[in-house]
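# quick one, fold the following:
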Amino acid sequence: MVESDDRDTTKRSIGSIEQDDDARKELRRTLKNRHIQLIALGGAIGTGLFYGSSESISLAGPSILLAYLIGGGIIFLIVRALGEMSVEDPKAGAFSYYASRYWSQRAGFISGWNYWFNYVLVSMVELSVVGSFVNYWFPSIPAWLSAAVFLVVITGVNLLGVSRFGEFEFWFAIIKIVAVLAMIAGGVAVLLLGLHTLSGVPASFANWFTVDGGVLPHGLLSRTGDGQWSGLLMALTVVMFSFGGTELIGITAGEAADPRRSIPKATNDIIWRILLFYIGALGIIMAVVPWNSIGVPNAHGVVVSPFVQIFDSVGIHAAAGILNIVCLTAVMSVYNSGLYANSRMLFSLARQGNAPTYLARLSRNGVPTAGVLTSAAITAVAVVIVFLWPDFAFNYLMSIATIAGIINWSIIMITESKFRRHVSAGEGPGELAGIRGEDALGRIRFKLPWPRITPWIVLVFLALVVVLMCFSPSYRVAVIIGPLWLLSLLCAFEFRRRRHSMRTPKI
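Predicted structure coming up:
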């Protein structure tokens, strides 16, 4: 009897161990709705807004508001396309998994590794500007040292578990939201009270129309005396980089507790976020600070964020210092999200057989530790780049990240079209399986608006951005590197495929 009880206990123990092993093979669905909402927001509000907006304003003047509206509309359609697939088939790796399943294994390979490459570059860009925010208080601290410290800190955060990551990102995003709202409120107060600014130009919305050429100072596209191109269209290249990260919504689907509710809400909320945080904030800044003085070095020779400059311009240096902390937090947030996305993408690639198997291992708390550490190690190259070539670090890395993002967004739109074909053919995921034609398409819960023409509109727009990148010396490099990068991915896939076929025994 005792022996029988021992055997039962042993069986239960073995069953428990097997269940634990199975659980450790999958990511944990512990991200709550509030986490998803704020992660989506955190991905869109970072260096592109707090730091890169200086460059975009210098290119287009007040018409940059229209550029952000156009770019925001395109990004919304891209995220809606991704959301359509994520709600029906929430998986880790998102678009890499979708490209692999609904397009081809080659497309999944290229999509996944390109996205990983994209976010490595974005992470490098974020780390490259950390020093500029730290130097606001401590001009003598080397930029590379600031980058190294923040890299180590954020890597530690990502190793704690997805729920901890979600909590950190939640509060990072809250800080950004409160700061931008406070900046908008402060700017409105400056306008209403008629406070004098250091520029000598009275704060007024009329500055959009009267300062140095008005709304369209450089037209749609024009060439300056030094041979550089500027104008509304040229600003679109910087604007599209700013919106990189919104597709994080799809990445979180694999760890969302309720993706069918949280993904649609987070996606639809992007529109008002763009209107408020980009157009609203920059509109207020250019009403207080003349657009032609934004991005000009301060008394210490440091180029500060426009969000800091707006308070410096009216002599409220304490508020400017606080906002500089917020800008620093925003950079940390984007790198935090980037490292999270990269580790999950490597995990998904490994599960597909498109990456080394060690990247598919999870820690006891459900973290793809190998993916986190591998991505962090590669990103550490940014510390060296910032040390050796500080100017290259921001301009060129940002341009290469933009072309990688365009490749990724293009793959998402093409994959969405192929996803619908599979659904129509009765090969959809979950409850859509076995249902064909318009009946199947009608049951998609979160549909892309105008699905027949939207992918083409987005693809044509992205092609236009690539053409515009050819007009800028710093972006032109990326247009050359982009095709070479795609070719290298195709060669890598073919090498992996042939190596795999040689190892597979023939029957």
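
# what sits against Phe109?
With contact set as CB atoms under 8 Å, 6 or more residues apart in numbering, Phe109 has these partners: 100, 349, 352, 354, 489, 492-493, 496. Any C-beta I mention is one placed from the backbone N, CA and C, and that applies to glycine too.

# which of the residues you listed lies closest to Arg443?
Nearest to Arg443 among the contacts of Phe109, counting by CB to CB, is Ser100 at 23.3 Å.

# burial count for the closest one?
26 (other CB atoms under 10 Å).

# pretty sure it contacts Ile110?
No - if you go by CB atoms under 8 Å, Ser100 and Ile110 don't touch, sitting 9.8 Å apart.

# ok, back up a step: and the contacts of Phe109, which two are the farthest apart?
Pairwise over these, using CB to CB, the maximum falls at Ser100 and Ala492, 15.1 Å.

# what about Leu220, which SS state?
The three-state label given to Leu220 by DSSP: H, G, I helix; E, B strand; the rest coil is coil.

# quick one: contacts for it?
Residues in contact with Leu220 (CB under 8 Å, 6+ apart) are 231-233.

# quick one: distance of whichever strand or helix holds Leu66 to the chain centre.
In this assignment (DSSP states H and E), Leu66 forms part of helix 64-88. Relative to its chain's centre, helix 64-88 lies at 12 Å (CA atoms, centre = their mean, to the nearest Å).

# in it, what's buried?
Buried residues in helix 64-88, defined by neighbour count with 16 or more other CB atoms under 10 Å: 64-68, 70-72, 74-88.

# return the closest of the contacts of Phe109 with respect to Ala203.
Nearest member of those to Ala203, counting by CB to CB, is Leu489, at 49.9 Å.

# any idea how many residues pack against that closest one?
19.

# my read: it touches Tyr115, true?
No - if you go by CB under 8 Å, Leu489 and Tyr115 don't touch, sitting 11.3 Å apart.

# any idea which helix or strand comes after the helix holding Leu66?
Past helix 64-88, the next helix or strand by DSSP H and E is helix 95-102.

# ok, Val122 touching Val334?
Yes - Val122 lies in contact with Val334 (CB under 8 Å); the separation is 7.0 Å.

# what residues are shared contacts of those two?
Gly245.

# how about the nearest residue to Leu346, chain neighbours excluded?
Gly371 (3.8 Å; CB to CB, 6 or more residues apart in numbering).

# same question for Ala107.
Using CB to CB, 6+ apart, the nearest residue to Ala107 is Ala99, at 4.1 Å.

# repeat for Tyr136
Of all residues not flanking Tyr136 in the chain, Asn324 sits nearest, at 4.7 Å (CB to CB, 6+ apart).

# from Phe50, how far out is the one you found?
For Asn324, the distance to Phe50 (CB to CB, to the nearest Å) stands at 10 Å.

# more neighbours, those two?
More crowded of Asn324 and Phe50, by other CB under 10 Å: Phe50, with 29 against 23.

# check contacts around that one.
305-307, 326-327, 330-331.

# look up how far Val122 lies from it.
14 Å.

# hang on, Thr379 packs against Val152?
No - the pair Thr379 / Val152 is not scored as a contact, 11.1 Å apart, by CB under 8 Å.

# give me the more crowded residue out of these two.
Thr379 (25 against 10).

# give me phi/psi at the nearest residue to that one once chain neighbours are set aside?
Spatial nearest neighbour of Thr379, chain neighbours left out: Ser123 (4.5 Å); criterion: CB to CB, 6+ apart. With angles defined as degrees, to the nearest 10, Ser123 sits at phi -60, psi -40.
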